[in-house]
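>>> Next comes the sequence, and after it the predicted model I'd like to discuss.
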Amino acid sequence: MTGIMQSALGNWNPSTVVSGTSLVLDLDAANYSAVPVDGSTVAGTGAYTITVKNPNSRISWNSANGGVFRVTSAATNTTDFLTFGPDYTSSTQAFTVGMAYKWNGATAGRLLNANTASPDFLMGLWGSGTCRMDIAFAGSFIGSSATTADTAWHFIWFTCTGTVSATRSKSYIATNTTPSGTNGTGSGNGGFNGLRLFGRFVNSTTISEPVDADVGFVKVWNGELTLAEIQAQYSAYAARFGY
């Protein structure tokens, strides 16, 4: 683990502070020094296989911010992406997905997506004419879908209770201050069967809506994090991303 990660995290262990909820996937670029090898398992929490499609070498690893996965020159790229993660399409599965990400100011597209055509799941960036950010979508938008993207580091969390209610799904966002409440709530959620990073699912070898972006980490828990637990996540990682 790099020095910047150690200074940002101290002795705090994000897999143990959440009562009754476990961190089941921790794809963190700080645990790498290059793009993951196709077919390897996540070099952190969660024994999930990573599928790496990178024939045009659009995906790279960079040491910025303790380690990031980066896509550049994505405008005509429909074949470079990462897939990984659990099947959370069960209507009763509670979960949380968290991500640190930054748009790089060029190609507008979709960042963290479901690895199947349906259900449709989206977090972070969305190319709707111009690039939008702070997006959380799981059958419907959870919060605003109209925030024009900037090029600062952003944090986003999507939570699901696993039970039917008007506030079944929640989104939280942050930049330079800790979240103080939700960015939106909603009743809909189809979950996801695996996750796909840097473009929307078309088939096993192809994406649409590619995007230029940096991603520091993607984390998945098998339950709903509370606001206090999300605030603790923010406190642990803010310094790594310049806050």
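Received the coordinates, thanks. Numbers count the residues shown, from 1 in each chain.

>>> Please make it C-alpha for all contacts and neighbour counts, starting now.
Noted.

>>> Chain neighbours aside, what residue packs nearest to residue 33?
Using CA to CA, 6 or more residues apart in numbering and skipping the chain neighbours, the partner closest in space to residue 33 is residue 61 (6.7 Å).

>>> List the buried residues of the helix or strand where that neighbour lies.
Applying DSSP states H and E as the criterion places residue 61 in strand 59-62. Using 16 or more other CA atoms under 10 Å as the test for burial, strand 59-62 gives 59-62.

>>> Out of those residues, which comes closest to residue 154?
Using CA to CA, residue 62 comes nearest to residue 154 of the buried residues of strand 59-62, at 17.6 Å.

>>> Next one: that closest one from residue 108, what distance?
Residue 62 sits 21 Å away from residue 108, going by CA to CA, to the nearest Å.

>>> who touches residue 32 in this structure?
Going by CA atoms under 8 Å, 6 or more residues apart in numbering, residue 32 touches 43, 61, 67.

>>> what about the helix ranked longest in the chain, average pLDDT?
Counting residues, the longest helix found in the chain (DSSP state H) is helix 227-237. Per-residue pLDDT over helix 227-237 has a mean of 98.

>>> Pull out the buried positions in that helix.
Neighbour-count burial for helix 227-237 flags 230-237 (criterion: 16+ other CA under 10 Å).

>>> could those be laid out in TSV, adding distance to residue 193?
Below are these laid out as TSV (distance: CA to CA, whole Å):
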residue	distance to residue 193
230	23
231	27
232	27
233	24
234	26
235	30
236	28
237	27
